[in-house]
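1. quick one, fold the following:
(one chain, ligands or ions: 1)
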Amino acid sequence: MLDLTQLPVTHPTGQYAVLVGADLLPNLAEHAHIRGPIALITDSNVGPLHASRCGEVVCVVTIPAGEQHKTLATVQTIYDELLAAGIDREATVVALGGGVVGDVAGFVAATYMRGIDFVQCPTSLLAMVDASVGGKTGVDLPQGKNLVGAFKQPTAVLADITTLQTLPSAEFAAGMAEVVKHGLINNSDLFERLEIGDWRLTNQSPIGNLKSLVATAIAVKRDVVQEDPFEQGRRATLNLGHTFGHAVEQVSGYRVRHGEGVAMGLVAAAHLSAQLGYCDAVLQSRIEAVLQAQHLPTHIPAEFEPKAIYQAMFSDKKKASGKLRFILLRDVGDVFVTGDVAETAVLATLTAVQSA
Ligand code: MG
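-> Have a look, this model is predicted:
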């Protein structure tokens, strides 16, 4: 008997299950209840490692790895390959890879022949805990990230923990930033377990520890998204650390990884919350300690000017009506959204959390 955790996800148009376990890919069709042909979309990093483990598929489309290929041009090449392979509406698109593959393949599934079934097999920690719930797909334009896209709910998500063992350790750490964020948003038990270190988490951890971590982190996102499927309120809290983090990523010319930006952003969010009197200053130290244990950065590199980061925050599409929104903390597991933070307070925080 497989040791499998099933998380049911309800969304506005139906429901599906996220399956978390080891060695799920060899029985992909069975686990995901796919009856028709499978078109597997993967990238040049993940394909060579895992595509051949996925059982029988009609075609494998391999896109070049990297965010710079999350474009309409890549989508066009995938349409071409699907047509050449005779893929029709009876088929299922399966995304095998990290966040970029999931976003691109999901957008293809949402649009190809007006939409065909979609199954996600996230192979990075970040994609497992972040992208397997929510239904967001899309591509970047030269003008900015994720400017074209669609909501496309999968019919199943298989988080095969075995794939984490081939994930580069820096990518594993980047995913841990979102796990820490999920603990801070809605699960103090998850955060405290990370604090105690009882999971001793690396990508070489025992499968049982990883499975428990991944399932717990996914459940946090599921609960938040289910409560607010149309992103009108509570769901915004998933952006904890992201207003700062996205701006740092952007100012760095995307040399700072998303997870690294989020890690710095979580520290900044805690600093700002304490500065404004919402939480105890010790919360920032607790967050720093958890992030450091995962080898994540806790300070914004000094080369990035606070004013430049502040400016970059305004180009993030997630700002509401020209106003910056911040997610602030009252305590672990207790966060709220506010649009009411003075520029001077933000700049003070950006200065305070810079590395010396
Ligand atoms: Mg994120």
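
2. wait, a strand at Ala269?
-> No. Assigned with DSSP: H, G, I helix; E, B strand; the rest coil, Ala269 falls outside any strand and is helix.

3. so it sits against Gly245, correct?
-> No. Shown here, Ala269 and Gly245 do not form a contact pair, counting by C-beta atoms under 8 Å, at 9.1 Å. Every C-beta, even on glycine, is put in place using the N, C-alpha and C of the backbone.

4. looking at those two, which is more packed in?
-> Neighbours were counted for Ala269 and for Gly245 using other C-beta atoms under 10 Å; Ala269 has more, 31 against 28.

5. which residues of the protein fall in helices?
-> Secondary structure of the chain (DSSP state H): helices at 28-31, 47-50, 72-84, 99-111, 125-126, 169-186, 188-196, 207-227, 242-251, 258-275, 282-293, 306-313, 343-352.

6. make TSV out of those and add mean pLDDT and distance to Ala39.
-> What follows is these, written out as TSV (pLDDT from 0 to 100; distance: least, C-beta to C-beta, whole Å):
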stretch	mean pLDDT	distance to Ala39
helix 28-31	97	12
helix 47-50	98	13
helix 72-84	98	6
helix 99-111	98	9
helix 125-126	96	24
helix 169-186	95	25
helix 188-196	92	36
helix 207-227	92	25
helix 242-251	95	32
helix 258-275	97	27
helix 282-293	97	39
helix 306-313	95	38
helix 343-352	98	45
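
7. quick one: contacts for His31?
-> Leu19, Leu24, Ala156, Leu158 (C-beta atoms under 8 Å, 6 or more residues apart in numbering).

8. what about the closest residue to Leu283 other than its chain neighbours, neighbour count?
-> Nearest residue to Leu283, sequence neighbours excluded (C-beta to C-beta, 6 or more residues apart in numbering): Ala270, at 5.0 Å. Ala270 has 28 neighbours, counted by other C-beta under 10 Å.

9. let me see the contact set for Ala270.
-> Here Ala270 is in contact with Cys279, Leu283, Gln284, Ile287, Leu329 (C-beta under 8 Å, 6+ apart).

10. if you set the cut-off to 10 Å instead, what comes out?
-> 184, 240-241, 278-288, 328-329, 349, 353 (C-beta atoms under 10 Å, 6 or more residues apart in numbering).

11. hmm, back to that, how about the contacts of His31 in TSV, adding pLDDT?
-> Shown next, in TSV, are the contacts of His31 (pLDDT from 0 to 100):
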residue	pLDDT
Leu19	97
Leu24	97
Ala156	98
Leu158	98
